[in-house]
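Peer 1: predicted structure and sequence below. I'll ask about it afterward.
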Amino acid sequence: MNEIELNSFLTNDYIYIPYSDKDKINLRETGMIYKNDDLTEYENKRVFSPVSGKAFGLSEINSIEGPKKVLIIENDFKDKVLKRPISNNDIYEVDKEIIKDLTKEYSYKNYLTLKISYDDKFDIGDEYLLKDKIIDILETLNIIDQTHENLNIKIRLDKRDIISYQTLFSYLGTYPNIEIEFTQSDNNETVVSLYDIIDIYDKLKNRIPRDYIYLTVKSNQNLQVIKTKKNSNLKDLLEHLNLMSTNIIINEKLKIENGNFFLDEKIRTININ
């Protein structure tokens with residue numbers, strides 16, 4: 001496949017924060033929201049705001065899992081932060097106990113396997129995400145390997161994914177304990193995504209949590225990889241791309257007629273017919 005240019009759309013007017021219980025949403029009386037505000041809990045995880053702005057209201061939006069309750073934030077495009085965390089310059093200087101605590105769920109298996117998803121005709125977002133964050137990803141895998149003596153690190157590639165292999169080949173000599181495989185070789189493993197590893201890196205660096213996702217968008221034989229805001233609305237992205245349609249396929253299986261659809265890490269491909 002010829003290399004495809006990575007495009008960005010990070011100026012979404014609204015962000016949609018999923019929640020389980022509206023009584024547990026943390027909002028100021030003014031409705032003002034700062035980037036990285038801890039807003040609520042969803043699926044047993046804390047949810048942080050990827051933008052600053054104003055609380056616009058509560059609503060529902062369709063998602064890959066069905067209707068989802070969301071808090072809508074009107075983006076002010078200022079990315080104001082109430083208190084900016086002090087970043088760690090070197091993740092190798094982070095206390096080992098902190099690293100173990102962040103990665104303890106991986107310590108119960110023999111292998112930690114980073115799976116890079118790939119489809120030679122459509123789903124190619126991972127190869128662009130890998131290329132964009134290659135050093136962060138390999139450094140994180142390396143420090144996990146150093147912290148857990150009995151945990152082996154692997155990267156699983158599709159044998160057709162030449163671009164990802166070439167990206168990794170340029171660096172792996174520096175990380176001899178990271179193995180590349182092309183077929184599953186062990187069931188006693190924990191399989192993680194690129195997002196999982198990037199999120200650990202950001203925690204080790206004490207950074208504001210990741211606020212973006214990568215999507216592959218196909219329309220009229222045109223293929224694009226788009227970097228856009230996490231927890232955003234497909235409708236806004238389609239308007240930006242001038243691709244409004246009532247025939248949309250999500251992840252090559254879910255057909256929808258309305259672009260009002262929640263975008264997060266679970267969304268990989270969007271086909272516009």
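Peer 2: Done, it's in. Numbering: from 1, shown residues only.
Peer 1: and the longest helix seen in the chain, what does it pack onto?
Peer 2: Ranked by number of residues, the top helix in the chain under DSSP state H is helix 134-147. In this structure, helix 134-147 packs against helix 96-102, strand 111-115, strand 152-156, strand 178-181, helix 194-204, with contacts taken as 3 or more C-beta pairs under 8 Å, 6 or more residues apart in numbering; DSSP states H and E. No exception for glycine: its C-beta is placed from N, CA and C like everyone else's.
Peer 1: if we use 10 Å, what do you get?
Peer 2: Contacts defined by 3 or more C-beta pairs under 10 Å, 6 or more residues apart in numbering; DSSP states H and E place helix 134-147 against helix 96-102, strand 111-115, helix 125-132, strand 152-156, helix 162-169, strand 178-181, helix 194-204.
Peer 1: off-centre distance for the second one?
Peer 2: Here the centre of strand 111-115 is set off from its chain's centre by 17 Å, with C-alpha atoms, centre = their mean, to the nearest Å.
Peer 1: and what of the last one?
Peer 2: Its chain's average C-alpha position is 9 Å from that of helix 194-204, according to C-alpha atoms, centre = their mean.
Peer 1: quick check: what element follows that helix along the chain?
Peer 2: Proceeding N to C from helix 194-204, the next assigned helix or strand is strand 212-219, under DSSP states H and E.
Peer 1: that next one to helix 194-204, inter-axis angle?
Peer 2: Counting by axes from the mean of the first three to the mean of the last three C-alpha atoms, to 10 degrees, strand 212-219 lies at 160 degrees to helix 194-204.
Peer 1: distance from the chain centre to strand 212-219, please.
Peer 2: That offset, for strand 212-219, works out to 12 Å (C-alpha atoms, centre = their mean).
Peer 1: give me the phi and psi for the residue of the chain most remote from its centre.
Peer 2: Relative to the centre of the chain, the most outlying C-alpha is that of Glu29, 30.7 Å out, by C-alpha atoms, centre = their mean. Per-residue torsions, Glu29: phi -60, psi -30 (degrees, to the nearest 10).
Peer 1: quick one: it and Lys159, what's the gap?
Peer 2: Using C-beta to C-beta, to the nearest Å, one obtains 57 Å as the distance from Glu29 to Lys159.
Peer 1: next: Phe262.
Peer 2: 33 Å.
Peer 1: higher neighbour count, those two?
Peer 2: Between Phe262 and Lys159, Phe262 has the larger neighbour count (other C-beta atoms under 10 Å), namely 21 against 9.
Peer 1: what strands flank the host helix or strand of that one, and is each parallel or antiparallel?
Peer 2: For Phe262, the host element (DSSP H and E) is strand 262-263. Strand 262-263 sits in its sheet next to strand 232-233 (antiparallel), going by DSSP bridges.
Peer 1: low-confidence ranges in the protein?
Peer 2: Across the chain, the ranges flagged by pLDDT under 70 are 1-3, 120-121.
Peer 1: is Ser219 in contact with Thr269, as I believe?
Peer 2: No: applying C-beta atoms under 10 Å as the test, Ser219 and Thr269 come out as separate, 11.6 Å apart.
Peer 1: need the helices and strands packed on helix 134-147 in CSV with mean neighbour count and distance to Tyr34, can you?
Peer 2: Converted to CSV, those look like this (neighbours: other C-beta atoms under 10 Å; distance: least, C-beta to C-beta, whole Å):
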stretch, mean neighbour count, distance to Tyr34
helix 96-102, 13, 24
strand 111-115, 21, 32
helix 125-132, 22, 26
strand 152-156, 20, 36
helix 162-169, 17, 35
strand 178-181, 16, 37
helix 194-204, 20, 18
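Peer 1: possible to save the ones you listed as JSON lines with distance to Ser245?
Peer 2: Shown next, in JSON lines, are the helices and strands packed on helix 134-147 (distance: least, C-beta to C-beta, whole Å):
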{"stretch": "helix 96-102", "distance to Ser245": "41"}
{"stretch": "strand 111-115", "distance to Ser245": "31"}
{"stretch": "helix 125-132", "distance to Ser245": "20"}
{"stretch": "strand 152-156", "distance to Ser245": "34"}
{"stretch": "helix 162-169", "distance to Ser245": "29"}
{"stretch": "strand 178-181", "distance to Ser245": "39"}
{"stretch": "helix 194-204", "distance to Ser245": "27"}
